[in-house]
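1. Output the structure for:
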Amino acid sequence: MTKHIFVTGGVVSSLGKGLTSASIGMLLESRGLSVRMQKLDPYLNVFPGLLSPQEHGETYVLDDGSETDLDLGHYERFTNSPLSKDSSWTTGKIYQRIREKEKRGEYRGKTVQVVPHVTNELKACVARLAGDDVDVVVTEIGGTVGDIEGLPFLEAIRQFGLEVGKENCVYVHLTLIPYLKASRELKTKPTQHSVERLRQIGIQPDFIVCRTEQPITQEECDKIALFCNVPSKCVVEERDADFSIYEVPLSLADRNLDQMIVDRLGLTKAKAADLDGWNELLHTLRRPKTEATVAVVAKYAEFKDAYKSIYEALVHAGVANDANVRILRIPSETVGREETKATLESVDGILLPGGSGERDFEGKIEAIRIARENNIPFFGICNGMQCAVVEYARNVLGMENANSTEFDKDAVDPVVCLLTDDETGVPDLETGGTIRKGAHTTALLAGSRAASAYCKLDISERSYHRYEFNYAYRDRFIDGGLTISGASPDGKLVEIIEIEDHPWFVAAQFLPQYQSKPTKAHPLFKAFVAAAVRRRKGLAE
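-> Sure, this is the predicted structure:
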């Protein structure tokens, strides 16, 4: 029977439940167990793609096109768990599902209530991931214990635990142990209150993971154990990672959390943990042989979580190149300033991630021009590729009025335009237009930089966009020296462009960052950072 682990959070938000859940999943996988990951979020939104990056971070897109919370990025980076639309549920999606059932008459005129109808839907979401080939399902509950919107979720997992039996279900509660500098002491009272709220609901946590800045003494662990009704060994310190988030799994393993979970759930098939790859990763992170500086030019550059997967993919590529990647976050609106231009001309690589909006479009164009004219390795992603197409059209091909129809519907040379072929996209409920999202196949040009990076000619990558390279201009770009090194199998959709006479200038319409892992960097990110390292060495010599 599939076992279940529920991860809840208390005291404050943004404690790192996603990282903790992903770390637990990674540790169980390292023991040879099959794991599935899932997040249930109490907010009412249905479409994460409409959430502000400043408030909620990046929208993480899955192979099946599902738009999800950024925590699912942690799940994919840390584990091999296959993710799908069933891996991410919000209150909005649950209520939408209930409304559809009501319209179909499935409730037979009964009054629809939070209990049992909402809780039943939530339990069904959890049960859906279980199966004969799944050993453990790890379900993260978003929000903080005590929030009114989270009550149906906690009630659902309480019922679920009762139904499957204590031997098949574990509750892990993540809390904050604040440190008061004035009195130089850690305070356990917030954790006690948080667990008290859980117990009032009917959930007794099996493990309490304590996020803390300072080491927790045995005396403090004993105090938490006494007042929270758990064995002292089940109070697990999770100290702030002073170097990298990839320290978290090893920190939890050092405190025996994975072994205690295995014992508690009776997972007899679990083997000894194989953490060699993760230890090698951290060794390289701590002692890189070289370095490179990469400027990420973006609309929300100051909000790190808005491009979480981009930054992590650069870290992974640094590990693959035995290099420390120093990341400069450059707001694209500031590129017109002389000091920003000077900064960009001095870096080892320039990356433009996805994004939308006219406000910073010209700043992105200028950043690309600087990279192209100064032979600085450049990597454009999604909107970054579209900007590269416009820059090349204007400054190389002489199309002064080239633009994207996103910003100029009547552009003289619309080198980037909306999807017009319904077969290439799906209806987009958020915008009312057509969008291409999820995994798509790309055919690479033999001998290209992209093909060299991937070491194969057929790849699958995730998309999330509405605008495309205008196929009508394809021959003009090719004749003008631009290489189209990746396209859809029928050749109609341009996926990757390159400039051959440049140290490394590659732009992709898809989102490669989503398939990068700490122990397996994405091929394009790896090649980009390698080019940046070569530039750094060349300048040093």
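
2. residue boundaries of the strands in the stretch 101-250 of the chain?
-> 136-141, 169-177, 179-180, 185-186, 207-212, 235-239 (DSSP state E, counting those that start in this stretch).

3. again, but for the stretch 351-500 of the chain
-> Ranges of strands within the stretch 351-500 of the chain are 378-381, 402-404, 413-418, 426-427, 434-444, 458-465, 467-469, 482-487, 494-499, based on DSSP E, counting those that start in this stretch.

4. Turn those into CSV, including mean pLDDT.
-> As requested, these are exported to CSV (pLDDT from 0 to 100):
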stretch, mean pLDDT
strand 378-381, 98
strand 402-404, 94
strand 413-418, 92
strand 426-427, 47
strand 434-444, 91
strand 458-465, 94
strand 467-469, 93
strand 482-487, 96
strand 494-499, 96
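
5. export these to TSV and tack on distance to Gln218 and mean neighbour count?
-> In short, each C-beta sits where N, CA and C put it, glycine included. Converted to TSV, these look like this (distance: least, Cβ to Cβ, whole Å; neighbours: other Cβ atoms under 10 Å):
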stretch	distance to Gln218	mean neighbour count
strand 378-381	49	28
strand 402-404	61	24
strand 413-418	62	21
strand 426-427	56	12
strand 434-444	49	19
strand 458-465	47	18
strand 467-469	59	24
strand 482-487	57	22
strand 494-499	56	24
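
6. could you redo the ones you listed as TSV and give each row distance to Ser14?
-> Output for these, formatted as TSV (distance: least, Cβ to Cβ, whole Å):
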stretch	distance to Ser14
strand 378-381	26
strand 402-404	35
strand 413-418	36
strand 426-427	33
strand 434-444	27
strand 458-465	25
strand 467-469	33
strand 482-487	37
strand 494-499	36
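
7. still on that earlier bit, deepest of the strands of the stretch 101-250 of the chain, which one?
-> strand 136-141 (a mean of 26; mean count of other Cβ atoms under 10 Å).

8. That strand: partners in the sheet, and parallel or antiparallel?
-> Strand pairing for strand 136-141, using DSSP bridges, gives strand 3-9 (parallel), strand 35-41 (parallel).

9. Residues touching it, excluding its own?
-> With Cβ atoms under 8 Å, 6 or more residues apart in numbering as the test, strand 136-141 has contacts from 2-9, 17-18, 21, 24-25, 28, 33-40, 42, 71, 126, 129-130, 150, 153-154, 157, 265, 267.

10. Just the buried positions in stretch 208-226, please.
-> With burial defined by 16 or more other Cβ atoms under 10 Å, the residues of stretch 208-226 counted as buried are 208-212, 214, 216, 220-221, 223-225.

11. cool, and stretch 330-349?
-> Using 16+ other Cβ under 10 Å as the test for burial, stretch 330-349 gives 330, 332-333, 335, 340-341, 343-344, 347-349.

12. In space, what's closest to Phe505 - neighbours in sequence excluded?
-> Ile499 (4.0 Å; Cβ to Cβ, 6 or more residues apart in numbering).

13. Among the strands of the stretch 351-500 of the chain, which comes closest to Lys537?
-> For these, the distance to Lys537 is smallest for strand 378-381, at 18.0 Å, taking Cβ to Cβ.

14. tell me what the closest one is packed against?
-> For strand 378-381, the packing partners by 3 or more Cβ pairs under 8 Å, 6 or more residues apart in numbering; DSSP states H and E come out as strand 349-352, helix 361-373, helix 383-395, strand 505-508, helix 523-540.

15. so how far is stretch 287-305 off the chain centroid?
-> On the basis of Cα atoms, centre = their mean, to the nearest Å, stretch 287-305 sits 16 Å off its chain's mean C-alpha point.

16. what is the rounded mean pLDDT of it?
-> Averaging pLDDT along stretch 287-305 gives 91.

17. just stretch 520-529 next, same as before
-> Mean pLDDT, computed over stretch 520-529, is 98.

18. Surely Gly318 and Ile327 touch.
-> No - the criterion here is Cβ atoms under 8 Å, and Gly318 misses it with Ile327 at 9.6 Å.

19. quick one: buried residues of stretch 89-108?
-> Of the residues in stretch 89-108, 89-95, 98 count as buried by neighbour count, 16+ other Cβ under 10 Å.

20. So, low pLDDT: which residues of the chain?
-> Within the chain, the ranges that satisfy pLDDT under 70 run 49, 54, 420-433, 540-541.

21. For stretch 295-304, report the contacting residues that lie outside it.
-> Applying Cβ under 8 Å, 6+ apart, the contact partners of stretch 295-304 are 53-54, 57, 306-307, 310-311, 314, 327-333, 335, 343-344, 347, 349-353, 355, 357, 359-360, 363-364, 367.

22. what about burial for those residues, which qualify?
-> By 16+ other Cβ under 10 Å, those give 53, 57, 306-307, 310-311, 314, 327, 329-330, 332-333, 335, 343-344, 347, 349-353, 355, 360, 363-364, 367 as buried.

23. Let me know the outermost residue of this structure.
-> Distance from the C-alpha centroid of the chain peaks at Gly109, with 41.6 Å (Cα atoms, centre = their mean).

24. Name the next helix or strand downstream of the strand or helix carrying Glu76, please.
-> For Glu76, the host element (DSSP states H and E) is helix 71-78. Remark: after helix 71-78, the chain's next helix or strand is strand 88-90, criterion DSSP H and E.

25. could you list every residue that touches Val115?
-> Taking Cβ under 8 Å, 6+ apart as the criterion, Val115 is in contact with 152, 155.

26. Check the gap between the spatially most central residue of the chain and Gly438 for me.
-> Central residue of the chain (Cα atoms, centre = their mean): Gly73, 2.7 Å from the mean position. Gly73 sits at a distance of 16 Å from Gly438 (criterion: Cβ to Cβ, to the nearest Å).

27. Verify the stated contact: the residue nearest to the centre of the chain with Lys308.
-> Yes - proximity of Gly73 to Lys308 meets the contact threshold set by Cβ under 8 Å, at 6.1 Å.

28. quick one: buried residues of stretch 31-48?
-> For stretch 31-48, burial by neighbour count (16+ other Cβ under 10 Å) applies to 31, 33-43, 46, 48.

29. That stretch: end-to-end distance?
-> Start-to-end span of stretch 31-48 (Cα to Cα, to the nearest Å) is 33 Å.

30. That stretch: how far from the chain's middle?
-> Computed by Cα atoms, centre = their mean, the chain-centroid distance of stretch 31-48 equals 12 Å.

31. so who does Lys364 touch?
-> Each residue near Lys364 by Cβ under 8 Å, 6+ apart is listed here: 297, 332, 335, 352, 383-384, 387.

32. Rebuild these as JSON lines, extending it with distance to Gly143.
-> Compiled in JSON lines, the contacts of Lys364 are given as follows (distance: Cβ to Cβ, whole Å):
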{"residue": "Val297", "distance to Gly143": "34"}
{"residue": "Ser332", "distance to Gly143": "33"}
{"residue": "Val335", "distance to Gly143": "38"}
{"residue": "Leu352", "distance to Gly143": "34"}
{"residue": "Asn383", "distance to Gly143": "31"}
{"residue": "Gly384", "distance to Gly143": "33"}
{"residue": "Cys387", "distance to Gly143": "37"}
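
33. And the furthest pair within those?
-> Val335 and Asn383 (14.8 Å).

34. separation between the closest residue to Glu76 other than its chain neighbours and Gln96?
-> Nearest non-adjacent residue to Glu76, counting by Cβ to Cβ, 6+ apart: Leu83, 6.2 Å away. As defined by Cβ to Cβ, Leu83 lies at a distance of 20 Å from Gln96.
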